[in-house]
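Enquirer: Can you look at this prediction? I've put the sequence above it.
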Amino acid sequence: MVENGRETEFFDLRNQIYCTDCMELMAHIPDSFVSLILTDPPYGISYQNHFARQPHKRLDGDCGIDYERFAWESYRILRDNSHAYFFTRFDCYPYHFDCLQKAGFTVKNCLVVEKGTVGGIGDLKGSFANNAEWIIFCQKGRRVFQQTQLLENRYKEGTQFHKGRKPSKRYKTRFPACWFGAEYPKATYHAIWQKQNGIYHPTVKNVEFLSWLIQISSTPRELVFDGFMGTGSTALAALRNSRDYLGAEIDREYFAVAQKRIKEVFEHV
């Protein structure tokens, strides 16, 4: 394969981000190798915010990817009875849903999660502002959610609502498909956070939010895959929760930011 313009080979498929095309990396991953997919593929909209004081550059690959091939490869590398999360947009959702379903995934939900900031593209006076991320939640086979301590139930532990049902537990075992409000983490960071941390990316994801999905859908030491790492939020969330990570980022600048963020984690251990 080619990495940073030179021929190379993969020697390690755990705890690595490679500066290469996602499809190139996936071709080197064995069948059923990863335990969880958590990724935000480009939607093919070539988004650029012209109204920001410091506009983000266009994302590499945002003219579109071969999503059908990407869906098939995702299904192939994911082990049986595992979860996958694919960020999408309202206008891309039907096509992405169809590709993932044809690849073999069982599409269970579309999560709608509040963003850290309100965005708007297109008709600013005649359309609603976009304040949510859409995520297609899939399963290969079936896997139950992990028991977490992310949210406490509103009712006292041990409450029995209906005869024959198990008493309620202290922590939630099932989450809603829409995450809005103070008790849930935002899907993305706001512009102030990006300025304070010197990380500028049009779709940078909130590490805490990704951590929640990782805790719900995997166990320690399992491998989390993200073929579009951006500035490395998925890798950081994996490390925060004692998971391994693997991914690709084609843009050299964002790849460098991701490596820097990961290095800082180990420097503070």
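Expert: Here it is on my side, so go on.
Enquirer: going forward, measure contacts and count neighbours with C-alpha atoms only.
Expert: Will do.
Enquirer: Which positions within stretch 256-267 qualify as buried?
Expert: By 16 or more other CA atoms under 10 Å, the buried positions in stretch 256-267 come out as Ala256, Val257, Ala258, Gln259, Arg261, Ile262.
Enquirer: Doesn't the fifth one lie inside a helix?
Expert: Yes - under DSSP: H, G, I helix; E, B strand; the rest coil, Arg261 falls within a helix.
Enquirer: Kindly provide the distance from it to Glu253.
Expert: Per CA to CA, to the nearest Å, Arg261 is found 13 Å from Glu253.
Enquirer: What of the fourth one?
Expert: As for Gln259, its distance to Glu253 is 10 Å (criterion: CA to CA).
Enquirer: and if you look at the last one?
Expert: Computed with CA to CA, the distance linking Ile262 and Glu253 is 15 Å.
Enquirer: where do the strands sit along the stretch 1-150 of the chain?
Expert: Assigned by DSSP state E, counting those that start in this stretch, the stretch 1-150 of the chain shows strands spanning 2-3, 6-7, 16-18, 34-39, 78-88, 106-119, 130-140.
Enquirer: Can you tell me which of those is nearest to Leu150?
Expert: Closest of the strands of the stretch 1-150 of the chain to Leu150 is strand 106-119, at 15.8 Å (criterion: CA to CA).
Enquirer: what's the most buried one of the strands of the stretch 1-150 of the chain?
Expert: strand 34-39 (a mean of 25; mean count of other CA atoms under 10 Å).
Enquirer: What lies in contact with that strand?
Expert: 74, 77-79, 82-87, 214, 217-218, 222-229, 234 (CA atoms under 8 Å, 6 or more residues apart in numbering).
Enquirer: again, only this time at 7 Å
Expert: Contact partners of strand 34-39, identified using CA atoms under 7 Å, 6 or more residues apart in numbering, comprise 77-79, 82-87, 218, 222-228.
Enquirer: Sheet partners, orientation included, of that strand?
Expert: Strand 34-39 sits in its sheet next to strand 78-88 (parallel), strand 223-226 (parallel), going by DSSP bridges.
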